[in-house]
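Visitor: The sequence and its predicted three-dimensional model are supplied below.
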Amino acid sequence: MDMNNQNNTIIRQANPSIPAYNNQQPYTNVQPQPIPAAYVRTPKVEPPEVLDFREKMGSKLGSASVIYGAFATFCLYNNFAGITMPFFIIATLIYILYAFRQYDVKIKKASWFYGSVILALSVSNFLTGSPIILFFNNVGIIFLLFIFLLHNIYDDSRWTFAKTLLATFESFIYSVGELDDYCKDMKILKQRRPKNQEQGNKNRTVRYILLGLLISIPVVGIILALLTAADAVFKTMVNEYISFNIKPYDMFGWLFTFAFFYFASYCVLRFFSKKTIKEEVTTHRNFEPLVAITVLSIISVIYLVFSVIQIVYLFWGGMQLPAEYTYAEYAREGFFQLLAVGIINFIMVLFVNGHFRESRVLKILMTIISLCTYIMIASSCMRMLLYIDAYLLTTLRIYVLWGLALLSLLFIAVIISIYKNDFPLFRYSIIVVSLLYLGLSFAHTDYIIADYNLSHINDHATVETETTSQSRKHSVTDYEYLTGLSSDAAPVIAKHEGTWVKDYFTNCSPFYRERSWRQFNLSAYTAKKLAKTK
């Protein structure tokens, strides 16, 4: 053991960095090693102009977002089909224009068309009671708002159909990530607030008033809820003259709606202020055209054979069908499939035209497919009209006819874009879809369905086509379908009598009952008045 200790001592003397063992004193002369610079995280210092812009966004855009969030909450909380919807859209457009002013962005001419369509869709919300139309109206409003922003912020004159759709999707998704910039903007604003005391004093009164209004909303709601529960006379007066129908659980809904519109509006416009989407369009037309020529040649032959059959038997052949087929059966098994093929053709031609190198043969094949699609559209439309003649109208059947009309107009632009690469296909599509959808939205399809179906049910005991002796008696299910229509059909159904009429008004009563002045809807008001006569 002594020999071992002596050896350890000799080793430590030769290399003092080795620690002592066997309860001897540890080393004391080892210096801590510095952390390599690659592992040291230093905070990124932003340039002064970036900090100034953050302060501007936090002050200007932040204040505007508070006002916009409060107004949006008032207009839209539990109310997407009321008279306040158009006012909300007007406020939204004003808010966007105010943000554009902060970004030094000028309004482009096409923006007025987008804005007009958005406003028209909001008016349609106030006029209709159809849940399907309301859903698509709101989806269209959101989509067109992003198109409106993209068109003004970026130079989209050379954007392709795919590029515009991708940019819309990117702006919608990446806006969520702007919560980080929101926090940084507010942090800079708070840090610099003492330095801008004079400016802060000017805005202090406005901020305090807004804060007081925000605090008063839940407080007044709770007080009114308690007082209306305490006194019947006061409750009657509130319901008659104020009619807010305030409930305790609505407080959370109001606050959540305000928070959503406040943060969503700030993040979306903050994302567009950074202009991060690339404006240039990279061409993808580098695929070998021989591959597409081979595929489209086979498809074209099939389409040509199918088109000849449609022309011979359906159009020129006097509607001659095989003996085992009835017209209703022939129509039922056709229109949905042909509509699907038409949509596939639309996507296929766009893909080939955008990804394969130019070829005269390829252009001819795409033109043949497009023209054959028109024959398919005509065949599908004729089948649908036969089916409607036999089985009356439904919402889906109207939408199929509308989709066929839209597809026929879109293929005009597709054929032009085959021979003219710089044709603004997306802008043309937006205009066509917007105008056609506005016609559908304001048409009150449930009114049309009720009017058509009831006129055929009442005028004829059976439905007989001119080309066949087959007849179909109208069953109870025809009336049952009418009872599920929206309040738009009330003016037609109110002219009739029967148990099914009472069932109809009972079914749509949740839509028109207990609506405050903020939720006033013309379709609901009309249905409520007519229901009193039944």
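Guide: That came in fine, so what should we check first? Numbering: from 1, shown residues only.

Visitor: quick one: low-confidence ranges for the stretch 251-400 of the chain?
Guide: Of all residues in the stretch 251-400 of the chain, those with pLDDT under 70 make up the ranges 314-335.

Visitor: Likewise for the chain?
Guide: Short version for the chain, where the test is pLDDT under 70: 1-43, 194-207, 210, 217, 237-248, 314-335, 458-477.

Visitor: Apply 50 and report the result again.
Guide: 1, 11-12, 14, 17-18, 21, 27, 459-474 (pLDDT under 50).

Visitor: Please, where are all the strands along the protein?
Guide: 462-464, 471-473 (DSSP state E).

Visitor: Please list all residues in contact with residue 388.
Guide: residue 397 (C-beta atoms under 8 Å, 6 or more residues apart in numbering). In short, each C-beta sits where N, CA and C put it, glycine included.

Visitor: run the last query once more with 10 Å
Guide: Each residue near residue 388 by C-beta atoms under 10 Å, 6 or more residues apart in numbering is listed here: 331, 394, 397-398, 400-401, 452-453, 456.

Visitor: how distant is stretch 394-410 from the center of its chain?
Guide: 20 Å (C-alpha atoms, centre = their mean, to the nearest Å).

Visitor: Just the C-alpha atoms of stretch 224-238, please, in CSV.
Guide: In CSV, the C-alpha atoms belonging to stretch 224-238 read as follows (Å, rounded to 0.1, in the frame of the first residue of the first chain):
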residue,chain,number,x,y,z
LEU,A,224,-79.2,42.6,-16.5
ALA,A,225,-79.5,38.8,-16.2
LEU,A,226,-79.9,39.1,-12.4
LEU,A,227,-82.4,42.0,-12.5
THR,A,228,-84.5,40.4,-15.3
ALA,A,229,-84.7,37.2,-13.2
ALA,A,230,-85.7,39.3,-10.1
ASP,A,231,-88.5,41.3,-11.5
ALA,A,232,-91.0,40.3,-14.2
VAL,A,233,-91.9,43.9,-15.2
PHE,A,234,-88.3,44.8,-15.7
LYS,A,235,-87.8,41.6,-17.7
THR,A,236,-90.7,42.5,-20.0
MET,A,237,-89.4,46.0,-20.6
VAL,A,238,-85.9,44.7,-21.4
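
Visitor: circling back to that earlier point, of all pairs in the contacts of residue 388, which one is the farthest apart?
Guide: Greatest spatial distance in the contacts of residue 388: 400 and 456, 18.9 Å, computed using C-beta to C-beta.

Visitor: Please indicate which of the contacts of residue 388 are buried?
Guide: Neighbour-count burial (16 or more other C-beta atoms under 10 Å) is assigned, among the contacts of residue 388, to 331, 394, 397-398, 400-401, 453, 456.

Visitor: Let me have these in JSON lines, adding distance to residue 112 as columns.
Guide: Below are those laid out as JSON lines (distance: C-beta to C-beta, whole Å):
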{"residue": "331", "distance to residue 112": "43"}
{"residue": "394", "distance to residue 112": "37"}
{"residue": "397", "distance to residue 112": "35"}
{"residue": "398", "distance to residue 112": "30"}
{"residue": "400", "distance to residue 112": "33"}
{"residue": "401", "distance to residue 112": "31"}
{"residue": "453", "distance to residue 112": "40"}
{"residue": "456", "distance to residue 112": "43"}
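
Visitor: who's in contact with the residue nearest the centre of the chain?
Guide: Taking C-alpha atoms, centre = their mean, the centroid of the chain lies closest to residue 139, which sits 3.1 Å from it. Listed by C-beta under 10 Å, 6+ apart, the contact set of residue 139 reads residue 121.

Visitor: Could you find the closest non-adjacent residue to residue 56?
Guide: Once flanking residues are discounted, residue 56 sits nearest to residue 102: 6.8 Å by C-beta to C-beta, 6 or more residues apart in numbering.

Visitor: meant to ask about residue 524, not that
Guide: Residue 524's closest residue in space is residue 512 (C-beta to C-beta, 6+ apart), at 3.7 Å.

Visitor: My guess is that neighbour contacts residue 528. True?
Guide: Yes - using C-beta atoms under 10 Å, residue 512 is in contact with residue 528, at 4.2 Å.

Visitor: any common contacting residues for the two?
Guide: Counting by C-beta under 10 Å, 6+ apart, the shared contacts of residue 512 and residue 528 are 487, 490, 505, 521.

Visitor: just checking, residue 224 touches residue 235?
Guide: Yes - Residue 224 is in contact with residue 235 according to C-beta under 10 Å; the separation is 9.4 Å.

Visitor: quick one: which of the contacts of residue 388 sit in helices?
Guide: 331, 397-398, 400-401, 452-453, 456 (DSSP state H).

Visitor: now, which of those residues sits nearest residue 89?
Guide: residue 398 (26.2 Å).

Visitor: wait, what's in contact with the spatially closest residue to that closest one that is not a sequence neighbour?
Guide: Nearest residue to residue 398, sequence neighbours excluded (C-beta to C-beta, 6+ apart): residue 445, at 5.1 Å. Shown in contact with residue 445 (C-beta under 10 Å, 6+ apart): 128, 130, 132-133, 393-395, 397-399, 402, 485-486, 488-489.

Visitor: Next: residue 336.
Guide: Contact analysis of residue 336 by C-beta under 10 Å, 6+ apart lists 380, 383-384, 396, 400.

Visitor: 8 Å instead, please
Guide: residue 400.

Visitor: Likewise for residue 261?
Guide: Residue 261 is in contact with 68-69, 72-73, 76, counting by C-beta under 8 Å, 6+ apart.

Visitor: If you rank these by neighbours, which is first?
Guide: Tallying neighbours with other C-beta atoms under 10 Å puts residue 68 at the head of the contacts of residue 261, with 25 neighbours.

Visitor: pretty sure it is touching residue 91, no?
Guide: Yes - Residue 68 is within contact range of residue 91, at 6.5 Å (criterion: C-beta atoms under 8 Å).

Visitor: Residue 417 is in contact with residue 363, correct?
Guide: No - proximity of residue 363 to residue 417 does not meet the contact threshold set by C-beta under 8 Å, at 10.6 Å.

Visitor: Compare these two and say which is more crowded by neighbours.
Guide: The neighbour comparison of residue 363 against residue 417 (other C-beta under 10 Å) goes to residue 417, with 21 against 16.

Visitor: Please name the nearest non-neighbouring residue to the more buried one.
Guide: residue 423 (4.5 Å).

Visitor: got a list of what that neighbour touches?
Guide: Counting by C-beta under 8 Å, 6+ apart, residue 423 touches 413, 416-417.

Visitor: again with residue 106
Guide: Applying C-beta under 8 Å, 6+ apart, the residues near residue 106 are 100, 152.

Visitor: can you do 7 Å?
Guide: Going by C-beta atoms under 7 Å, 6 or more residues apart in numbering, residue 106 touches no other residue.

Visitor: how close does it sit to residue 274?
Guide: For residue 106, the distance to residue 274 (C-beta to C-beta, to the nearest Å) stands at 18 Å.

Visitor: Equivalent analysis for residue 375, please.
Guide: Distance from residue 375 to residue 274, by C-beta to C-beta: 49 Å.

Visitor: out of these two, which sits in the more crowded spot?
Guide: More crowded of residue 375 and residue 274, by other C-beta under 10 Å: residue 375, with 20 against 12.

Visitor: got the phi/psi numbers for the residue nearest to residue 417?
Guide: The phi and psi torsions at residue 423 (degrees, to the nearest 10) take the values phi -70, psi 130.

Visitor: what about it, distance to residue 78?
Guide: From residue 423 to residue 78 the distance is 44 Å (C-beta to C-beta).

Visitor: just residue 60 next, same as before
Guide: For residue 60 relative to residue 78 (C-beta to C-beta), the value is 31 Å.

Visitor: one step back: filter the contacts of residue 445 to the buried ones?
Guide: 128, 130, 133, 393-395, 397-398, 402, 485-486, 488-489.
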